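> just to be clear, the model below is a prediction. Sequence and coordinates:
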Amino acid sequence: MNNSSTLNFPSASVPFKQDASVIGLVGAAHMISHFSQLLLAPLFPWLKTEFNVSYAELGFLMTIFFVVSCAVQAASGFVVDKFGPRPVLFAGLTLIGLAAFGYALSSSYWMLAGAAVLGGMGNGVFHPVDYTLLNRKVSSKRLGHAYSVHGITGSLGWALAPAMLVPITLAYSWRVALAAAGVLAFSVLVVLLVNRDKLLLPPVAPSKAAAADENPLGFLKIPAVWMCFTFFFWYAGVLSVIQTFAPEAARQLHNVPLPLVAMCLTIYMLASAGGMVLGGFLAADATRSERIVGSGFGIAASAALVLAFGSFAAWLVPVLFGVMGFASGMAGPSRDLLVKRSTPDNASGRVYGVVYAGLDIGQAVTPLVFGLLMDQGHYRGVLLGMVALQAVLVASAFNVRKVRRTALAVA
């Protein structure tokens, strides 16, 4: 059990350029992962008309994507630990590119669903791959900033999707927009292939490799791992509501003009990226991780509550989305350290695969529930549901600390 509190980092003497190269390449891949998660949601108005489907049916496409991603994520962690992260990363980017072209060529709802399966398979590999590379190749003094950049690039991927896809759709068509997304995914893959030597892990010491192989499922006995899994499940619920239905719910409640509604998600993601810059510095002290995470989501919940019950000018709606984004982003690097502090040696892929499977499960379930609320016109209920999920996150963050401290005391 002692391994659950061990932080193994590369030497602090690693040159800045080497760390920056790894962080930049992993961040570029992570951007495409998050970008792929929002290939469909910004295009729901066009897809709803094109395929004559409901919001719940469109939400089910997201469910398919994230159910597949969840299964692949849990399994890919073992593959990463066995064969290394690099080939798994290349496969993931390839599948995302193929999924984007599959969406673009779809002539029926079920063709969209088939492409969502491919997209989920590609998306599922990234967290085990990314955190294995960061934890094993980036020096300890820069790891908090590595997590910050990792989170920022993810938020930028989310922000890029609507910012890229909607204008191309308005100028040409949604099919052209999705084909352009496929080109972007393959372009990043080419960059990583050119720089593949920088993504090669050093060999694991024989004694540690043998220890890791003795009990590959031993990490499942660590209570804090499952607390982190639960935390990411609730976090995914919040994220899914914001990405899919919260802007439209706010529009209905506050009579927000469509151009402002279109800005809400982009502002949230950009503000989240800004919060992660601050969060990278706050994460330098790992002992306060739970307090930072709890405070961040507490502020976000307060802003969501104002959004649900407040009466104010329409232009303040995007501002409140920005507050939620900044507060949530600030918590991001410390959130990742919570997982790192619960990770045994040489099991990064497996732990992150299981923990982040909670993220996929949450994003699979939430669109179904909140899509039904939207179809029935319960717009305030959508926002209050988001408040409840954020409140659970605050409690969950401190439960991770309680469980870990109990485990360490027993050990």
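Yes, it's here. Only a predicted model underlies this, so the values are computations on that prediction, with no experimental measurement involved.
> I figured G97 hits F186, correct?
Yes - counting by C-beta atoms under 8 Å, G97 does reach F186; the two are 4.4 Å apart. From N, CA and C alone the C-beta is placed, and that goes for glycine too.
> neighbour count winner among the two?
Looking at G97 and F186 with other C-beta atoms under 10 Å, you find the greater number of neighbours at G97, namely 24 against 16.
> give me the nearest residue to that one, chain neighbours excluded.
Of all residues not flanking G97 in the chain, A185 sits nearest, at 3.8 Å (C-beta to C-beta, 6 or more residues apart in numbering).
> likewise S76?
Distance criterion C-beta to C-beta, 6+ apart; nearest residue to S76, sequence neighbours excluded, is V125 at 4.5 Å.
> need phi/psi at the one you found.
phi -90, psi -10 (degrees, to the nearest 10).
> over to the one 4 residues further on?
Taking degrees, to the nearest 10, you get phi -70, psi -50 for the backbone angles of V129.
> which residues touch L192?
L25, A28, A29, L89, F90, L93, L199 (C-beta atoms under 8 Å, 6 or more residues apart in numbering).
> and it, what pLDDT?
Looking at L192, its pLDDT stands at 95.
> what helix or strand does it sit in?
helix 174-194 (DSSP states H and E).
> chain center to that helix, what's the gap?
19 Å (C-alpha atoms, centre = their mean, to the nearest Å).
> just stretch 75-82 next, same as before
19 Å.
> can you list the weak-confidence ranges in the protein?
The model of the chain has pLDDT under 70 over residues 1-13, 202-220, 222, 224, 286, 338-349, 398-411.
> repeat the analysis, applying 50 as the threshold.
Applying pLDDT under 50 to the chain flags the ranges 1-9, 207-213, 405-411.
> residue contacts, S328?
Contacts of S328 by C-beta under 8 Å, 6+ apart are V238, S272, G275, G296, F297, A300.
> those residues in helices, which ones?
Using DSSP state H, V238, S272, G275, G296, F297, A300 are the members of the contacts of S328 that sit in helices.
> show me which of the contacts of L192 is closest to V319.
Closest approach to V319 among these (C-beta to C-beta): A28, at 30.1 Å.
> which helix or strand contains that closest one?
helix 16-37.
> which helices and strands does the helix or strand just after that helix pack with?
Reading on from helix 16-37 to the C-terminus, the next helix or strand found by DSSP H and E is helix 44-51. Using 3 or more C-beta pairs under 8 Å, 6 or more residues apart in numbering; DSSP states H and E, the elements in contact with helix 44-51 are helix 55-83, helix 109-123, helix 174-194.
> what's helix 44-51 in contact with?
Contacts for helix 44-51 (C-beta under 8 Å, 6+ apart): L40, V53, S54, Y55, L58, S108, Y109, L112, T169, W174, T244.
> just to revisit the earlier point, how far out from the middle of the chain is the helix holding A28?
13 Å.
> for V256, which of the helices and strands packed on helix 44-51 is the nearest?
For V256, the closest of the helices and strands packed on helix 44-51 is helix 55-83, at 18.0 Å, according to C-beta to C-beta.
> so E57 makes contact with Y109?
Yes - proximity of E57 to Y109 meets the contact threshold set by C-beta under 8 Å, at 7.0 Å.
> start to end distance for stretch 300-316?
Start-to-end span of stretch 300-316 (C-alpha to C-alpha, to the nearest Å) is 15 Å.
> ok so, going back, what comes up buried for the helix holding A28?
Residues 19, 21-23, 25-37 are the ones in helix 16-37 that count as buried (16 or more other C-beta atoms under 10 Å).
> now swap in stretch 378-385 and tell me
Residues of stretch 378-385 classed as buried by neighbour count (16+ other C-beta under 10 Å): Y379, R380, V382, L383, L384, G385.
> OK, contacts around the third one?
Residues touching V382, when contacts are defined by C-beta under 8 Å, 6+ apart, comprise V241, F245, A246, A249, F370, L373, M374.
> so of those residues, which ones are in helices?
Judged by DSSP H, the subset of the contacts of V382 located in helices is V241, A246, A249, F370, L373, M374.
> and those residues, which two are the farthest apart?
So, these by C-beta to C-beta: farthest apart are A246 and L373, at 11.2 Å.
> what about those two, which has more around it?
More crowded of A246 and L373, by other C-beta under 10 Å: A246, with 27 against 21.
> I figured that one was touching M386, is that so?
Yes - with contact defined as C-beta under 8 Å, A246 counts as touching M386 (6.3 Å).
> S155 versus H30, what's the distance?
10 Å (C-beta to C-beta, to the nearest Å).
> do the same with S311
30 Å.
> more neighbours: the two, which one.
S155 (25 against 7).
> so which strand or helix has that one?
Using DSSP H and E, S155 sits in helix 140-171.
> and that helix, what's buried?
For helix 140-171, burial by neighbour count (16+ other C-beta under 10 Å) applies to 142-166, 168-169.
> likewise stretch 306-317?
Those would be V306, L307, A308, L316, V317, for stretch 306-317 by 16+ other C-beta under 10 Å.
> chain center to that stretch: distance?
For stretch 306-317, the distance to the chain centre is 27 Å (C-alpha atoms, centre = their mean).
> measure it end to end?
10 Å.
> ok, T169 touching A177?
Yes - T169 is within contact range of A177, at 4.6 Å (criterion: C-beta under 8 Å).
> now for the two: what residues contact both?
Common neighbours of T169 and A177 (C-beta under 8 Å, 6+ apart) are L43.
> ok, L193 - contacts?
Counting by C-beta under 8 Å, 6+ apart, L193 makes contact with F90.
> try it again with 10 Å
R86, F90, L93, L199 (C-beta atoms under 10 Å, 6 or more residues apart in numbering).
> picking up where we left off before, which neighbours do G97 and F186 share?
Shared contacts of G97 and F186 (C-beta under 10 Å, 6+ apart): I32.
> residue contacts, Q390?
234-235, 237-238, 241, 296-305, 324, 327-328 are the contacts of Q390 under C-beta under 10 Å, 6+ apart.
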